[in-house]
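**Q** quick one, fold the following:
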Amino acid sequence: MATKNFPDAAALKRIGKSVRERLAADPGVYRIDTDKAEIFAVGDFLSKEECERLCLMTDMIARPSSLHEIGYDSGFRTSYSGDLDPHDSFVKGVSRRIDDLLGVNPIIGEAIQAQRYLPGQQFKPHNDWFYTTEKYWEHERKRGGQRSWTTMAFLNAVEEGGETHFTKVGIKITPKPGVLMIWNNALEDGSPNEDTMHAGTPVIRGSKYVITKWYRTRKWK
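**A** Okay, the predicted model is just below:
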């Protein structure tokens with residue numbers, strides 16, 4: 001897709017460069033070895049106690065996950081999820097730490113979403129950025145524009161299954177409590193990176209808890 005046909009390319013290029021340089025300068029950030037996408041990881045970003053607290057908070061708000069026009073009964077995304085209260089002091093602290101790690105203005109960050117997967121539940125391969133040819137784009141454009149970066153923290157160890165599978169990169173990441181994953185949904189020129197396609201593989205045994213925070217190109221509403 002040409003950048004001229006991608007509405008937020010200039011902003012994505014600018015934010016991409018800023019966050020990339022910030023993460024590269026942080027000795028606590030590890031870059032995944034691939035030339036197909038910018039994927040990073042931070043070990044022990046959340047403590048054991050923070051993970052446990054977030055799991056309990058997830059159970060209190062979890063509802064069948066939605067995905068724009070695709071319903072829960074489609075089987076595409078079968079987790080339970082919900083937005084954490086952005087005014088809760090604990091949630092605000094976690095959110096701000098993620099903002100500070102990336103070095104971004106907090107106003108472009110979405111509310112943190114918590115997700116829970118039980119045996120058999122999954123999220124099939126998808127990209128986090130919005131397809132601007134779809135009807136939902138007009139709504140998302142007004143809410144803050146395209147998604148730039150994704151951050152996702154694992155909250156528990158899964159007995160079996162539940163890996164995050166970057167299908168085009170060819171890597172599967174096993175959940176480890178406290179680890180924060182970070183990836184750029186765009187290429188350096190601001191066009192969408194198709195190779196960020198990823199899936200939450202089916203949980204076979206146990207459960208899987210994660211929190212996700214997405215960033216836009218403008219103030220999120």
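
**Q** and the strands in this structure, which stretches?
**A** Per DSSP state E, the chain carries strands over the ranges 30-31, 39-42, 63-64, 80-83, 113-117, 123-126, 149-154, 160-161, 164-166, 171-173, 180-184, 198-200, 203-205, 208-214.

**Q** who touches the second one?
**A** Just to be clear, that refers to strand 39-42. If you take CB atoms under 8 Å, 6 or more residues apart in numbering as the criterion, strand 39-42 is touched by 23, 28-32, 101, 166, 169, 173, 179-183. From N, CA and C alone the C-beta is placed, and that goes for glycine too.

**Q** same thing with the fourth one?
**A** The set of residues external to strand 80-83 that reach it, using CB under 8 Å, 6+ apart, is 58, 61-65, 111-118, 121.

**Q** can you tell which of the strands of the chain is closest to Lys142?
**A** strand 208-214 (16.1 Å; CB to CB).

**Q** retrieve the pLDDT associated with the residue nearest the centre of the chain.
**A** Nearest to the mean C-alpha position of the chain, counting by CA atoms, centre = their mean, stands Thr150 at 3.7 Å. On pLDDT, Thr150 comes in at 98.

**Q** show me the contacts for it.
**A** So Thr150 contacts Asp128, Met181, Ile182, Trp183, Asn185, Thr196, Thr212, Lys213, Trp214, Tyr215 (CB under 8 Å, 6+ apart).

**Q** so what's it closest to, chain neighbours aside?
**A** Distance criterion CB to CB, 6 or more residues apart in numbering; nearest residue to Thr150, sequence neighbours excluded, is Asp128 at 4.9 Å.

**Q** before we move on, what about Lys48?
**A** Pro177 (6.6 Å).

**Q** what do you get for Arg31?
**A** Arg31's closest residue in space is Phe40 (CB to CB, 6+ apart), at 5.3 Å.

**Q** now the helices for this protein?
**A** Counting by DSSP state H, the chain has helices at residues 9-24, 48-61, 89-102, 136-143.

**Q** put the alpha carbons of stretch 111-125 into PDB.
**A** Taking C-alpha atoms only, stretch 111-125 is exported to PDB below (Å, rounded to 0.1, in the frame of the first residue of the first chain):
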ATOM      1  CA  ALA A 111      -7.500   2.700  27.800                       C
ATOM      2  CA  ILE A 112      -5.800  -0.500  28.900                       C
ATOM      3  CA  GLN A 113      -7.800  -3.500  27.800                       C
ATOM      4  CA  ALA A 114      -7.700  -6.700  29.900                       C
ATOM      5  CA  GLN A 115      -8.200 -10.100  28.200                       C
ATOM      6  CA  ARG A 116      -8.800 -13.600  29.500                       C
ATOM      7  CA  TYR A 117      -8.600 -16.900  27.500                       C
ATOM      8  CA  LEU A 118      -9.900 -20.200  28.900                       C
ATOM      9  CA  PRO A 119      -9.300 -23.600  27.300                       C
ATOM     10  CA  GLY A 120     -10.300 -23.600  23.600                       C
ATOM     11  CA  GLN A 121     -10.400 -19.800  23.400                       C
ATOM     12  CA  GLN A 122      -8.200 -17.900  20.900                       C
ATOM     13  CA  PHE A 123      -7.700 -14.900  18.700                       C
ATOM     14  CA  LYS A 124      -7.100 -15.800  15.100                       C
ATOM     15  CA  PRO A 125      -4.400 -14.100  13.000                       C
END
